[in-house]
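Peer 1: sequence and predicted structure below; questions after.
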Amino acid sequence: MPLSNRCVTDRVMWLYNRNGMYLVKSGYHVATQVLRTTEWVECSSGLGRLEVWLKLWNLNVPNKIKVFAWRACQNILQTRVNLARRKIIEDDLCALCKCAPENGIHVLWECGVARGIWAGSLVKLQKFTQGQGGVLQLFTELLQRLSTEEFESTIKRKTRWDQYRTFNISRSDHYKLNFNAAIYTDLGSSGVGAIIRNGRGEVMAALSAKGPFVQDSEEAETLACRKALEFAIDVGISDLIIEGDNVSVMRAVASNFMDGSRLGNVLEDIHCLMSGLRWCSVSCVKRSANTVAHCLARFARNVSEELVWIEDSPQPAKEALYNDSLIFS
């Protein structure tokens, strides 16, 4: 169990709940798991969706694109509407057009900026109407009107647009801190990567450092978040947009509730550090929008002491920074 950097008292926690708090619901769940003799596997295929799922999983596109499309149809993308529903952010308004809540169908299809992206696509898509109830309905209509090859091209374009959108949600008047972690089981340690950039994408500071041995990725990411915040404060940054790619960790960081889990002490450290900032915001991003921090975390395998770059691009992440610059531009 990772320890706090502050003096805190011991406490009892419930091992079968993520936040360490006992609930009758979680106790009932554990009891039913013990008594259950037959495993039931939930399937997303209903009678109306079976055809969509069959065609989707048989597409000749990378698996990550199929998973993204499935998540879009299930309405479980990290849109601002879904993040606001989970109390991670407060404002669900689209950051690009400022005209409507940012749900899946809006950000991928109905947003004016998205329509500008589609303007360079197939003529059939340019003439396609709006007003669908969700991404699943949109996909169903696309499958009816487009050939398999045309639909595959459409899916790929959707994924590129979502990556573009993720990079452009930050406020230009604040600094953005991206962090990531890596686990080195053979070395008995972990790695931490962090980068701070301004609204123009220019590097203000970067860090690559080794961390302690961890049990799982959630512990590694939580410790990396604390380390990255300490680094940002050390270099004098007080206005931060904090971005990570682990949904569970970022939800816990954004939460105001006391966490009684084994990572609760570290999360309280993080909240204490955040309270000392002049302004901060927490956001969960996709791995594709966090590649620079990922590169720095992986590079930590080769370092014995912390490596710090101040107003200089870190060499281990040059390629990732270049790819980011293309998206920013």
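Peer 2: Perfect, thanks for sending it. Residues are numbered from 1 along each chain as shown.

Peer 1: can you map out the strands along the stretch 101-250 of the chain?
Peer 2: Per DSSP state E, counting those that start in this stretch, the stretch 101-250 of the chain carries strands over the ranges 175-184, 189-197, 203-211, 239-244.

Peer 1: distance from the shortest one to the middle of the chain?
Peer 2: Offset of strand 239-244 from its chain centre (CA atoms, centre = their mean, to the nearest Å): 12 Å.

Peer 1: can you check the longest one too?
Peer 2: Computed by CA atoms, centre = their mean, the chain-centroid distance of strand 175-184 equals 12 Å.

Peer 1: for it, name the packing helices and strands.
Peer 2: For strand 175-184, the packing partners by 3 or more CB pairs under 8 Å, 6 or more residues apart in numbering; DSSP states H and E come out as strand 189-197, helix 217-234, strand 239-244, helix 291-299. C-beta here means a position set from N, CA and C on the backbone, and glycine is covered the same way.

Peer 1: tell me the strands beside it, with direction?
Peer 2: Under the criterion DSSP bridges, strand 175-184 sits next to strand 189-197 (antiparallel), strand 239-244 (parallel) in its sheet.

Peer 1: next: the third one.
Peer 2: Paired neighbours of strand 203-211 in the sheet (DSSP bridges): strand 189-197 (antiparallel), strand 307-310 (antiparallel).

Peer 1: how much does the longest one deviate in direction from helix 291-299?
Peer 2: An angle of 150 degrees separates the directions of strand 189-197 and helix 291-299 when computed by axes from the mean of the first three to the mean of the last three CA atoms, to 10 degrees.

Peer 1: for strand 189-197, list every residue counted as buried.
Peer 2: 189, 190, 191, 192, 193, 194, 195, 196, 197 (16 or more other CB atoms under 10 Å).

Peer 1: for the record, mean pLDDT for that strand?
Peer 2: In this model, strand 189-197 has an average pLDDT of 95.

Peer 1: output that strand as PDB, nothing but the C-alphas.
Peer 2: Coordinates of the C-alpha atoms in strand 189-197 are reproduced here as PDB (Å, rounded to 0.1, in the frame of the first residue of the first chain):
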ATOM      1  CA  SER A 189      10.000  -0.300 -10.300                       C
ATOM      2  CA  SER A 190       7.800   2.000 -12.300                       C
ATOM      3  CA  GLY A 191       8.400   5.100 -14.500                       C
ATOM      4  CA  VAL A 192       6.900   8.600 -14.400                       C
ATOM      5  CA  GLY A 193       6.600  10.900 -17.300                       C
ATOM      6  CA  ALA A 194       5.300  14.500 -17.200                       C
ATOM      7  CA  ILE A 195       5.200  17.500 -19.500                       C
ATOM      8  CA  ILE A 196       3.900  21.000 -19.100                       C
ATOM      9  CA  ARG A 197       2.900  23.100 -22.100                       C
END
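
Peer 1: circling back: for residue 313, find the nearest of the strands of the stretch 101-250 of the chain.
Peer 2: Closest approach to residue 313 among those is made by strand 203-211 (5.2 Å; CB to CB).

Peer 1: now the angle from the closest one to helix 217-234?
Peer 2: Going by the same axes, to 10 degrees, strand 203-211 is angled at 130 degrees with respect to helix 217-234.

Peer 1: sorry, back to before: tabulate the helices and strands packed on strand 175-184 in TSV, adding columns for distance to residue 211.
Peer 2: Putting those into TSV (distance: least, CB to CB, whole Å) gives the following:
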stretch	distance to residue 211
strand 189-197	4
helix 217-234	6
strand 239-244	15
helix 291-299	9
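
Peer 1: element containing residue 22, please.
Peer 2: Under the criterion DSSP states H and E, no helix or strand holds residue 22.

Peer 1: ok, now how distant is residue 204 from residue 111?
Peer 2: 30 Å (CB to CB, to the nearest Å).

Peer 1: end to end on stretch 11-22, go ahead and measure it.
Peer 2: For stretch 11-22, the first-to-last residue distance is 13 Å (CA to CA, to the nearest Å).

Peer 1: pLDDT on it, on average?
Peer 2: Stretch 11-22 comes out at a mean pLDDT of 73.

Peer 1: ditto for stretch 236-254
Peer 2: In this model, stretch 236-254 has a mean pLDDT of 91.

Peer 1: looking at the strands of the stretch 101-250 of the chain, spot the one closest to residue 142.
Peer 2: Of all those, strand 239-244 sits nearest to residue 142, with 31.4 Å by CB to CB.

Peer 1: alright, I will stop here.
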